[in-house]
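>>> Would you be able to build a 3D model of this:
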Amino acid sequence: MNSLNNLQCDNCCSTIDKRQKLCEEGGHAIKKEPQKITCLGMIDLTPCANVITYNTRFCPNCGTKNPQYASVENTTDDSHDGYPSEIDVPSAGENTTEDSNDGCPPELKVPSADTVVSFFTEVDEKTLLDEIKTDIAVFKFDLKMKYGGIMALAQYLSKQTESSKKVKVNVAVAGESGTGKSSFINAIRGVKHGDSSFAEVGFGDTTMEIKKYQHPKNKRIQLYDLPGYNTTQMTLQNLLKDLNLSDFDCCLLFFYPVPSPADKTFVQQLQTAGTKFCFIRAKIDEDFENGEQEGISKEEVLSEIKKKVDMSSDHFEELKNTVKFYISSDEPSVGEMNELISFIEKQINPRKFEALLLSLPSLTEEVIQKKYQSLQKSAVILAIRFAVFYPMFFKIEKNIKEEIEMYFQTFELNTTLENNVKDLKHRFSEGICHLLEEFDNGVSGMWSPRKRYYFCKTFMRNLIDELLQDAKTMYKHMFNELRQ
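Residues are numbered from 1 along each chain as shown. From the prediction side, this is the model:
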């Protein structure tokens, strides 16, 4: 035999010809080294020259398709580009109908780090990780880098994205009757009179039982309208008898015009339960209107109201250092709505607050800006998952579409009101298909994970920037209509 054609059996060490399938001595199967070739792709006008095999479909260094792969596709037992045979990997053009909500197969059965990570060269992964670290440094979440690099991070973020959709938020809205609880519940959910989930607003004993209101944008966010206490029909003792205050993430305690002895008792129960709370004085817009008729400025009106509230609170030790906010449910831009939202952000779990924030209507320009910052983070997370899982476990027509639709909904740009507003750059009714087509064209043929990450991040962030401007335009339009 020609020595160039000789191999050695791994089992009995006998000399065999590399064209043999079985060892002549013991009949052992021969493990053959895959034939190696040089990648013909280019990286920034420089030849890639990475060493690959006939069984490699795409070069892990530059992403170029191996032109000689097809010639052995039907003659080799390895049809998975280096993946273990037990992992079913669909081709780039194959449509997987079993994708879960986060772009991965059911129960997040993504390939393990020791399989998909072979798509990255050491240099490519390090460069990508460095870019990601820089981009998400401001978001302060665990990179999970030491547990498997980019693949482990993508898996972790996929699970976090999926579990975030299941976060529950329970907010209690309490106070004596007629203090503005129902109006606030309607405002915070963007619900108007005539809507099926409108909380009845009136005077006197409107709410006589605990009513649960789901947020129309997120059914897992629930506001509980507690009965107005300290009335002939509902005493505070009766209300507290069957109420577990520790079930709530926070409690918003309404009063008008000043806190009462019953409020003091309720605060004691909240403190015992360990439930976060704050006081809210609503209807501040009515006070401003009355002050305007008497020639008193808004600042003087608010200062006088706070003085009266502080004097009343001084009679109750439990109320002296409690946090209080002065708001208007009908005109959220009036008063301290922004301060109230910031307070809630500090009191509840960050993931719960994010779910609540993205469901809020555009109450103020500051709320819109908070949404913008949250979506910027979401775009980076999406780009990481896209870079790793596309096209096998991440679909443009599903995952990217859902993300873009979420952006429109968060900024309240998916309603019929868009038809009444001029100068919007994007319109939900006609813009989704165009955006998906633009994204698809941009990423076509892009096999480098690092390039996919940069493209997806840039595309989404630019879109969010433009939607922010549309949201501000819409807000100004609605604000002017409210003033007229």
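>>> The residue nearest to T235 when sequence neighbours are not counted and E209: what is the separation?
Sequence neighbours aside, Y229 is the residue nearest to T235 in space, at 6.6 Å (criterion: C-beta to C-beta, 6 or more residues apart in numbering). (C-beta placed from N, C-alpha, C; glycine too.) Going from Y229 to E209 by C-beta to C-beta, to the nearest Å gives 12 Å.
>>> So for those two, which sits in the more crowded spot?
Y229 (22 against 9; other C-beta atoms under 10 Å).
>>> Test my guess that that one contacts L243.
No: assessed by C-beta atoms under 8 Å, Y229 is found out of contact with L243, at 10.4 Å.
>>> Let me see the domain layout of the protein.
1-33, 169-348, 364-483 (automatic domain parsing).
>>> Any stretches of the stretch 1-150 of the chain with poor pLDDT?
Counting by pLDDT under 70, the ranges of the stretch 1-150 of the chain that qualify are 1-8, 10-11, 16-22, 24-49, 54, 62, 67-125, 136, 138-149.
>>> Also the stretch 201-350 of the chain?
Short version for the stretch 201-350 of the chain, where the test is pLDDT under 70: 202-207, 232.
>>> returning to that earlier point: check contacts around the residue nearest to T235.
A174, G175, E176, S177, T235, L236, L239, A262, F266 (C-beta atoms under 8 Å, 6 or more residues apart in numbering).
>>> tell me the contacts of K370?
I341, L357 are the contacts of K370 under C-beta under 8 Å, 6+ apart.
>>> That one: which element?
Here K370 sits within helix 365-389, counting by DSSP states H and E.
>>> same check, this time on F184
Judged by DSSP H and E, F184 forms part of helix 181-189.
>>> so after that helix, what's the next helix or strand?
With secondary structure assigned by DSSP H and E, helix 181-189 is succeeded by strand 211-215.
>>> quick one, helices of the stretch 301-450 of the chain?
For the stretch 301-450 of the chain, the helices defined by DSSP state H, counting those that start in this stretch occupy 337-347, 350-359, 365-389, 401-410, 428-443, 449-483.
>>> Next, the buried residues of stretch 311-326.
S312, S313, F316, E318, L319, T322, K324, F325, Y326 (16 or more other C-beta atoms under 10 Å).
>>> Tell me which two of these sit farthest apart.
Greatest spacing in the buried residues of stretch 311-326, by C-beta to C-beta: E318 and Y326 (19.9 Å).
>>> For this protein, which residue occupies the most central location?
Ranked by distance to the mean C-alpha position of the chain (C-alpha atoms, centre = their mean), the top residue is S378 at 5.5 Å.
>>> That residue contacts E403, correct?
Yes: using C-beta under 8 Å, S378 makes contact with E403 at a distance of 7.3 Å.
>>> dump the residue contacts of the nearest residue to Y372 once chain neighbours are set aside.
The shortest distance from Y372 to any residue other than its chain neighbours is 4.8 Å, reached at L468 (C-beta to C-beta, 6+ apart). Listed by C-beta under 8 Å, 6+ apart, the contact set of L468 reads I368, Q369, Y372, F411.
>>> Please apply the same query to E286.
E286 touches S328, counting by C-beta under 8 Å, 6+ apart.
>>> List the buried residues of the helix or strand where it lies.
Using DSSP H and E, E286 maps to helix 284-293. By 16+ other C-beta under 10 Å, the buried positions in helix 284-293 come out as I284, D285, D287, F288, G291.
>>> show me what contacts the first one?
Counting by C-beta under 8 Å, 6+ apart, I284 makes contact with L302, I305, Y326, I327, S328, V334, G335.
>>> Identify those among these that sit within strands.
Y326 (DSSP state E).
>>> Next, count neighbours for the residue lying closest to I132 once chain neighbours are set aside.
With C-beta to C-beta, 6+ apart as the criterion, I132 has its nearest non-adjacent residue at 6.2 Å, and that residue is I384. I384 has 25 neighbours, counted by other C-beta under 10 Å.
>>> and if you look at A154?
A154 has 28 nearby residues by other C-beta under 10 Å.
>>> gap between E466 and E418?
For E466, the distance to E418 - C-beta to C-beta - is 14 Å.
>>> same thing with R220?
27 Å.
>>> Looking at those two, which is more packed in?
E418 (20 against 15).
>>> ok, now which ones touch the more buried one?
Applying C-beta under 8 Å, 6+ apart, the residues contacting E418 are L424, R427, F428, S429, M474.
>>> what two of these have the greatest distance between them?
S429 and M474 (14.1 Å).
>>> So these two - more neighbours on which side?
M474 (23 against 9).
>>> Leaving out the residues flanking it, which one is nearest to that one?
Nearest one to M474, counting by C-beta to C-beta, 6+ apart, is V421 at 5.5 Å.
>>> what does K166 give?
R220 (6.9 Å).
>>> Is that neighbour within a helix or a strand, and which one?
strand 218-225.
>>> Show me what the next helix or strand after that strand is in contact with.
Next along the chain after strand 218-225, taking DSSP H and E as the criterion, comes helix 236-241. Under the contact criterion C-beta under 8 Å, 6+ apart, helix 236-241 has outside partners L226, P227, Y229, N230, A262, T265, F266, Q269.
>>> dump the residue contacts of the last one.
For Q269, the contacting residues are L240, L245, by C-beta under 8 Å, 6+ apart.
>>> List the buried residues for the helix or strand where it lies?
Secondary structure from DSSP H and E places Q269 in helix 261-273. Neighbour-count burial for helix 261-273 flags A262, D263, K264, T265, F266, V267, L270 (criterion: 16+ other C-beta under 10 Å).
>>> likewise stretch 295-310?
So, applying 16+ other C-beta under 10 Å, buried residues of stretch 295-310: K298, V301, L302, I305, V309.
>>> possible to save those residues as TSV with distance to N50?
What follows is those, written out as TSV (distance: C-beta to C-beta, whole Å):
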residue	distance to N50
K298	68
V301	72
L302	68
I305	72
V309	71
